[in-house]
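A.B. asks: Coordinates for the following, if possible.
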Amino acid sequence: MALAGCPDSFLHHPYYQGNVDRNSSHRSSNLIGPPFQETSAHSSPNQPEDDVDLEALVNDMTLSLESLTSTVSTQTELLPLLPNGQFTRSYVPTSGISPQQPASPRQKVRRSQPMHISAVRRLQEEEQQFRTSSLPAIPNPFPELCSPAGSPVLSPGSLPQSKPNAKYIIKVYSEDGTSKAVEIPASMTARDVSQLLVYKSHCVDDNCWTLVENHPQLGLERCLEDHELVAQVQSTMGADSKFLFRKNYAKYEFFKNPTNYFPDQMVTWCQEANGSIPQAQFLQKFLNSTSCPEIQGFLHVKELGKKSWKKLFVCLRRSGFYYSTKGTSKEPRHLQLIADLEDSNVFSSINGKKMYNAPTDYGFCIKPNKVRNETKELRLLCAEDEQMKTCWITAFRLLKYGSLLHQNYLIPLQRKTRQSHFSAPVRSISENSLVAMDFSGRTGRVIENPEEAHTAAMEEGNAWRKRSARVNVVGSPSALHPSPLSTVIHKTQPWFHGRISREESHRLISQQGLVDGLFLLRDSQSSPRTFVLTLCHHQKIKHFQIMPSEEDGQVLFSLDDGYTKFTDLIQLVDFYQLNKGILPCKLKHHCTRVAL
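C.D. replies: Numbers count the residues shown, from 1 in each chain. Now for the predicted structure:
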């Protein structure tokens, strides 16, 4: 039974199929409209009356056809297309139909629908956009994975676009003003850049080198953490800002002796425990994200938009930096937020008294990351002494980074434990290529035994001192005319800084970390022919004068008024690195500057 002039989909209408089952003997004339039905009835009066409402059936079929047409048109416009013009695999029109099954009426109608001109134009534009004229078409090595109607050719636009590795150029300055431009990837950390500069500058790698973010216009600087991305930090810096390459011995000093680092009155947890806290437990409290103690105390705080300073009670928590508006009260209604830890960094103030009229020289600043060279949003603070300033800066870093800071401290220690007990310090490749030689025979030989090499070095040093003493006696019998060799040899050492001022020596030691045993030697500006040993002890810088003296026509140097005498400054430094003597501590770290 068929319908004249109607699509095949009408046959699958549920209303029609139910009536066909009940009246299998109906003819096609029973489904024709009312005018035709009346004519048929007159021509054959003996025909049995049909019980199907033909008008309702035709109306339902018309509505079904219209809804089907609109659905197919909408799907044709919204089907996602690949750059080569094919439908995506999840929207293939014949999906869900096995090859053995006949095509459904819906599929036939979908095939019969024309593609709109707008869709064709959009397809052509996308294909023209993705196709690269410089690249030829690449044969598809897996044509069986394509759809049946798909082309076995991959257009250039269908290939995945790979982003090239982003490279950045940074310029790093040293203490003497020299600079070096380095090309780095976006994923390079501050530790990696420091290791690269150590290798290029042929320095001794003692894990104390660091990058410093310096802002001359703001008078601020800070040491980058080892895990920070240098390219990301550079994006937040102004045009006049720069990176410095220097040593910082105090970067992880807190982890070496945490119990003596913070005064008891600054840590609330120490006040509750009356100061009797084990060192491991004290460190764990700071690294724990849930039980981190508060740091509290009085600081000079500069008011925003004003030149005046106020001494306020402040407390540092993991949630932020607060000050109390009512004495030492820490109630929530009396606390006002100074700065947030997440979006800020702590900087040391270089010249706070001159630039910001600070009450003391021990200033620091909390600078938001979005601020470049503006001073309006800087939160400037001042401590009473250097120890308090260092404690506040260290506490800020601990609360912000937590265990990540401790991991940065452990990485070089783990690498050092893997090395041999008798191995030399980690040096650059050029320094590791140096070997001890013996030229006592006709031909030179390499001394492979470390003990023999050390003995040869000691013998050579003693022979050199005897030769220098003999030249001093014969050539210059007076202390006013010392041996040229003894006056020049110390200038080749990294701990000697020549004729610098007292203030400059303070600045160099402060920048490289106020740790016990950090020292340098310099010429005295007040007394000619004398030298000064500048030494740091308990975060205070002290100066000791080295006086020359004459004995049997030879110039000797002494720190203790002639009680202990040395033929040159190298011997003096070597002695006090092993012995404390009259000094408050041994000489441990020398303040050095490298040329990039």
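A.B. asks: for the lengthiest strand in the chain, which positions count as buried?
C.D. replies: Longest strand in the chain by number of residues (criterion: DSSP state E): strand 540-551. Of the residues in strand 540-551, 541, 544, 546, 547, 548 count as buried by neighbour count, 16 or more other C-beta atoms under 10 Å. Backbone N, C-alpha and C define where each C-beta goes, glycine included.
A.B. asks: do the same with stretch 440-447
C.D. replies: Across stretch 440-447, burial judged by 16+ other C-beta under 10 Å covers residue 447.
A.B. asks: average pLDDT for that stretch?
C.D. replies: Average pLDDT, stretch 440-447: 75.
A.B. asks: heads up, I number from 790, so please use that
C.D. replies: Happy to do that; since the first residue is 790 now, the last one works out to stretch 1229-1236.
A.B. asks: what sits up against that stretch?
C.D. replies: Here stretch 1229-1236 makes contact (C-beta atoms under 8 Å, 6 or more residues apart in numbering) with 1224, 1225, 1226, 1227, 1242, 1245.
A.B. asks: Strands of the stretch 1240-1385 of the chain, residue ranges please.
C.D. replies: Here the stretch 1240-1385 of the chain has its strands, by DSSP state E, counting those that start in this stretch, at 1307-1312, 1320-1326, 1329-1340, 1343-1347, 1354-1355, 1378-1379.
A.B. asks: ok so, going back, what angle separates the longest strand of the chain from strand 1307-1312?
C.D. replies: Strand 1329-1340 runs at 50 degrees relative to strand 1307-1312, counting by axes from the mean of the first three to the mean of the last three C-alpha atoms, to 10 degrees.
A.B. asks: how far off strand 1343-1347 does strand 1329-1340 point, in degrees?
C.D. replies: Counting by the same axes, to 10 degrees, strand 1329-1340 lies at 160 degrees to strand 1343-1347.
A.B. asks: Give me the sheet partners of strand 1329-1340 and which way each runs.
C.D. replies: Here strand 1329-1340 has these sheet partners by DSSP bridges: strand 1320-1326 (antiparallel), strand 1343-1347 (antiparallel).
A.B. asks: would CSV of these with distance to residue 1232 and mean neighbour count be doable?
C.D. replies: Output for the strands paired with strand 1329-1340, formatted as CSV (distance: least, C-beta to C-beta, whole Å; neighbours: other C-beta atoms under 10 Å):
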stretch, distance to residue 1232, mean neighbour count
strand 1320-1326, 42, 21
strand 1343-1347, 37, 20
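A.B. asks: could I get the ones you listed as a markdown table with distance to residue 1278 and mean pLDDT?
C.D. replies: Converted to a markdown table, the strands paired with strand 1329-1340 look like this (distance: least, C-beta to C-beta, whole Å; pLDDT from 0 to 100):
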| stretch | distance to residue 1278 | mean pLDDT |
| --- | --- | --- |
| strand 1320-1326 | 13 | 95 |
| strand 1343-1347 | 12 | 87 |
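A.B. asks: Please convert those strands to CSV, extending it with distance to residue 1181.
C.D. replies: Putting the strands paired with strand 1329-1340 into CSV (distance: least, C-beta to C-beta, whole Å) gives the following:
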stretch, distance to residue 1181
strand 1320-1326, 19
strand 1343-1347, 41
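A.B. asks: how about these, which one is nearest residue 851?
C.D. replies: strand 1320-1326 (96.8 Å; C-beta to C-beta).
A.B. asks: contacts for that closest one?
C.D. replies: Residues contacting strand 1320-1326 (C-beta under 8 Å, 6+ apart): 1294-1295, 1298, 1303-1313, 1330-1335, 1346, 1348, 1358, 1372-1374, 1376, 1380.
A.B. asks: Now a PyMOL select for only the buried ones of those.
C.D. replies: This is the PyMOL syntax for the buried subset of the contacts of strand 1320-1326, where burial follows 16+ other C-beta under 10 Å:
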select buried, resi 1294+1298+1303+1304+1305+1306+1307+1308+1309+1310+1311+1312+1313+1330+1333+1335+1346+1348+1358+1372+1374+1376+1380
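A.B. asks: ChimeraX command for the buried members of the contacts of stretch 1229-1236?
C.D. replies: Buried residues among the contacts of stretch 1229-1236 (16+ other C-beta under 10 Å), as a ChimeraX selection:
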select :1225,1242,1245
